[in-house]
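Novice: 3D, please:
(chains A, B, C, D, E and F)
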Number of protein chains: 4
Amino acid sequence: MTRPVSKRAGPRQPASSRVGGSKKGTRQRRDEQSAARRDAILSAALEEFAARGFAAARLDDVAKRAGVAKGTIYLHFRDKDALFREIIRSLMGPFVGTIEQVLQSDIPLKVLAGQVVELFVREVFETRRKDIIRLMMTEGPRFPKLAEFYYREVLSKIFGGARKRLQRAVDAGEIKHASLVRFPQLIAAPGIMAIIWSGLFDRFEKLDARELLRAQMQILFGEVESA
Amino acid sequence: MTRPVSKRAGPRQPASSRVGGSKKGTRQRRDEQSAARRDAILSAALEEFAARGFAAARLDDVAKRAGVAKGTIYLHFRDKDALFREIIRSLMGPFVGTIEQVLQSDIPLKVLAGQVVELFVREVFETRRKDIIRLMMTEGPRFPKLAEFYYREVLSKIFGGARKRLQRAVDAGEIKHASLVRFPQLIAAPGIMAIIWSGLFDRFEKLDARELLRAQMQILFGEVESA
Amino acid sequence: MTRPVSKRAGPRQPASSRVGGSKKGTRQRRDEQSAARRDAILSAALEEFAARGFAAARLDDVAKRAGVAKGTIYLHFRDKDALFREIIRSLMGPFVGTIEQVLQSDIPLKVLAGQVVELFVREVFETRRKDIIRLMMTEGPRFPKLAEFYYREVLSKIFGGARKRLQRAVDAGEIKHASLVRFPQLIAAPGIMAIIWSGLFDRFEKLDARELLRAQMQILFGEVESA
Amino acid sequence: MTRPVSKRAGPRQPASSRVGGSKKGTRQRRDEQSAARRDAILSAALEEFAARGFAAARLDDVAKRAGVAKGTIYLHFRDKDALFREIIRSLMGPFVGTIEQVLQSDIPLKVLAGQVVELFVREVFETRRKDIIRLMMTEGPRFPKLAEFYYREVLSKIFGGARKRLQRAVDAGEIKHASLVRFPQLIAAPGIMAIIWSGLFDRFEKLDARELLRAQMQILFGEVESA
DNA sequence: GATGAATGAGACTTCATTCAT
DNA sequence: GATGAATGAAGTCTCATTCAT
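Specialist: Okay, here's the model as predicted:
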């Protein structure tokens, strides 16, 4: 839970801003309150959805957790589905930029690998983004539009960037496993594994996500430098 | 007499014999039909659960798909939860033996790796076991007992066997990545990735599970022989 | 639970006897078995109905308790309602004769009163007839036909006989409370009270039915002689 | 989005104002309406339970009779059981005070007896309290908690008060039947009888509750004065 | 805008009744 | 005749959604 999850990139829907904002004082304060409420709802909803799954989560509980009335949810989101979509959108969006940026840097792959591991652990695995990803995986099949958005806006960009970087590395003889260009998923796979494992089996056998990822990176790229 | 309440009833269907078969003794025939029905329910339920998730799946649809009446489900399973648990149990159980057996054989790791890939692709990825695993991942957190069962009966056995084999290989200098003994999950990770990807993004970009797994195996163990 | 409740006076319904009974041996044995089963069902049903009430009692449990299959119940009784009616009929019928007989005897009222108390305690309160009466009270309103039967076959006869006897006693100056002729229910009221109390409050405060009834009799008729 | 599951909703009725009333502050108005609805449900439920028994009564019918939606019942009562318990509690509670008060007055027993008869007839037998008592008798065995409550809060208090008063009367030579101190139930028995009779046999033979009770009182206490 | 009581479709589950065996 | 697996109507309860206040 490193940073305030909500940076809201997506469009806000009804809210306000429709009317020219002049009187600043009251108007602006109201907007802020409204935005804060919206964030509280998103945040509460994420926790409820993560804990019980989309279908089993109750908007009643979401409202209670967010400290608003049930009806208020509907002032910000058309329905339960829209709320769910917005969670994914608003919480993953801001993250993609960061990732792309990292991938574009020209530092050696071994160093980059270490950075990616740290980025994943600190910005995903140890935050609620882990839940977002889990939700995406578990509920995604029932939200085709969302899967498409996620693929288009997140995966294709990340994997696209990764492929380019990997190709350069292969061309430069920096790495030997050329199959990575075809399957950058292999880099992400241990992350997925860590997320799933943590939700199911940590009670029985802890799995150290950082070490797991570093092990894979080492196997893929050789000795990985600490971040 | 008095109660207008109802006057229930319900002739059963022409007893179709859709399931079951042969002739044999009456008693045995009945048992077979009953078992066949049970299987039909399990099968139908798996499909419904896989398609909509546990909470959103309707037993009504399960019954329809299985060709039985709603009440019949309750002759075989106490409730929806029990049905779900039984799906996992009955379909994963028999598979574990096979996997363990394969892991115990003394063939070279490279060959074994190829066999494992084929086993996964043919016995999991291309069958309904894929759905079982997906369900386990998606609904597991809400079925702690089931996660425990799965860990105890499936994962600990498979990973236990794998660790032993890998340790031997490390000791014999057969492989160089000793971290695999600590993290056999790295071998399984691409399988998980393939399952999740297929459910979410195959529409946009196909991911060849067999090739993905072979790529990882090759990276881990060097050139992998075809099975 | 003094005597085998079942004396079956009422007509038996489907059973048999339709065909001339000649071959005695097998045929008769079968009839006996069938009758025994019928009694077992009635008996089991009474206990289930008494314990849970008519609506909440399950024929499944009745069958189990009677040691027969569920379908067998329907060989003897058209449906749950009929089963209920038959319980009342078959278990109260034989009792009425006895009561009437007692009321017709010419012994002094004080003695008679003692006999009635004993009869009630031993043949009703301490047997399953108590449950019959309770069921009649609790479920009666929903079985108008049954209430009618009960009134016609049981109450009107008993109260009719009682009134005659009481009138004679009044005429003879044997008792002073002439209102008893109008309200013989006053004699029965403590019995009803005892039955209801025993089902609800015996846990908190025992109520000695015999003493309660004797107290009322004493008040009504003066010193009552032990039976 | 995906789920064909539904698209529930349900505009509420024109908010009829059938219940509640006046104008006053908004908040208060709402509370009043809510309370009125609660009462309507209790009232409707009592009638349904009285007519069909607890198990056979349908909450659907209760809702219909109360003029509310099914779900509304659950806003006020956890479940069917709770609704039932609340009926007994809320309708008997206020009555106990009255009864106790009457028993404490120092008027002569004969007068008191007349008052008790009138109280019973007017406040119980001719009101829905009759149904409450009937329900208590018929369903009590399946609601042990309720029976306990009823015994503790109602019966023990009433009988306790009665015993004291009767003991005083015996000591003062006001009455001769000392057994009444041990069995105040004898005073109540005709009331129970009247309630049961009215539900079952009034069609065949009317039983005048007031006269029945007065007859018993007269027998117990001598000439009873009109109330 | 915010609230939360009210709504009612729909889910799970039970169980009286039937009928092939 | 006896059995009990199968049926499906009907009941209880939940919860997404609405709208008067």
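Novice: and chain A, which of its residues are near chain D?
Specialist: Residues of chain A found near chain D (CB under 8 Å from any CB of the partner chain) are A:55, A:81-82, A:85, A:142-146. Backbone N, C-alpha and C define where each C-beta goes, glycine included.
Novice: Please list which of those also come close to DNA strand F.
Specialist: A:D81 (CB under 7 Å from any atom of the strand).
Novice: Just confirm A:F159 contacts A:P184, I think it does.
Specialist: Yes. Under the criterion of CB atoms under 8 Å, A:F159 makes contact with A:P184 at 4.9 Å.
Novice: Highest neighbour count among the residues of chain A next to chain D?
Specialist: A:L146 (24 neighbours; other CB atoms under 10 Å in any protein chain shown).
Novice: show me what contacts it?
Specialist: Going by CB atoms under 8 Å, 6 or more residues apart in numbering or on different chains, A:L146 touches A:84-85, A:88, A:136, A:140, D:1.
Novice: from those residues, which two are the most distant?
Specialist: Spatial extent of those (CB to CB) is set by the pair A:M136 and D:M1 at 14.1 Å.
Novice: which of those two has more neighbours?
Specialist: A:M136 (19 against 13).
Novice: What separation do you get for the more buried one and A:K157?
Specialist: Noted for A:M136: a distance of 15 Å to A:K157, by CB to CB, to the nearest Å.
Novice: Centre-most residue in chain A?
Specialist: A:M92 (3.8 Å; CA atoms, centre = their mean).
Novice: on contacts alone, who are the packing partners of the helix or strand hosting it?
Specialist: Counting by DSSP states H and E, the element that carries A:M92 is helix A:80-104. Packing partners of helix A:80-104 (3 or more CB pairs under 8 Å, 6 or more residues apart in numbering or on different chains; DSSP states H and E): helix A:25-52, helix A:59-66, helix A:109-120, helix A:129-139, helix A:144-150, helix A:156-171.
Novice: let's see it at 6 Å
Specialist: Contact here means 3 or more CB pairs under 6 Å, 6 or more residues apart in numbering or on different chains; DSSP states H and E; on that basis helix A:80-104 packs against helix A:25-52, helix A:156-171.
Novice: Could you pick out the residues of chain A near DNA strand F for me?
Specialist: So chain A meets DNA strand F at A:56-60, A:70-71, A:74, A:79-81 (CB under 7 Å from any atom of the strand).
Novice: Now compare the residues you listed and name the two farthest from each other.
Specialist: A:A56 and A:G71 (21.6 Å).
Novice: Those two: which is more packed in?
Specialist: Neighbour count, other CB under 10 Å: between A:A56 and A:G71, A:A56 has more, with 15 against 8.
Novice: my guess is the more buried one contacts B:G53, does it?
Specialist: No. In this structure A:A56 lies outside contact range of B:G53 using CB atoms under 6 Å: 8.9 Å.
Novice: so whichever residue of chain A sits closest to DNA strand E is in which element?
Specialist: Residue of chain A nearest DNA strand E, by CB to the nearest atom of the strand: A:G71 (1.8 Å). Using DSSP H and E, A:G71 sits within helix A:70-76.
Novice: Flag every buried residue along that helix.
Specialist: If you call a residue buried by 16 or more other CB atoms under 10 Å in any protein chain shown, then helix A:70-76 has these buried ones: A:72-73, A:76.
Novice: who's in contact with that helix?
Specialist: A:38, A:41, A:59, A:63 (CB atoms under 6 Å, 6 or more residues apart in numbering or on different chains).
Novice: List the contacts of the last one.
Specialist: Just to be clear, that refers to A:A63. With CB under 6 Å, 6+ apart, A:A63 has these contacts: A:70, A:73.
Novice: again, only this time at 7 Å
Specialist: Listed by CB atoms under 7 Å, 6 or more residues apart in numbering or on different chains, the contact set of A:A63 reads A:69-70, A:72-73.
Novice: what do you get for the first one?
Specialist: Residues counted as contacts of A:R38 (CB under 7 Å, 6+ apart) are A:H76.
Novice: Can you give me the distance of it to A:A51?
Specialist: 21 Å.
Novice: Please apply the same query to the last one.
Specialist: Distance of A:A63 to A:A51, computed by CB to CB: 15 Å.
Novice: Next, A:I107: secondary structure please.
Specialist: Judged by DSSP: H, G, I helix; E, B strand; the rest coil, the three-state class of A:I107 is coil.
Novice: mind checking how far the nearest residue to it once chain neighbours are set aside is from A:T98?
Specialist: Nearest in space to A:I107, with sequence neighbours left out and distances taken as CB to CB, 6 or more residues apart in numbering or on different chains, is A:Q115 at 7.6 Å. As for A:Q115, its distance to A:T98 is 11 Å (criterion: CB to CB).
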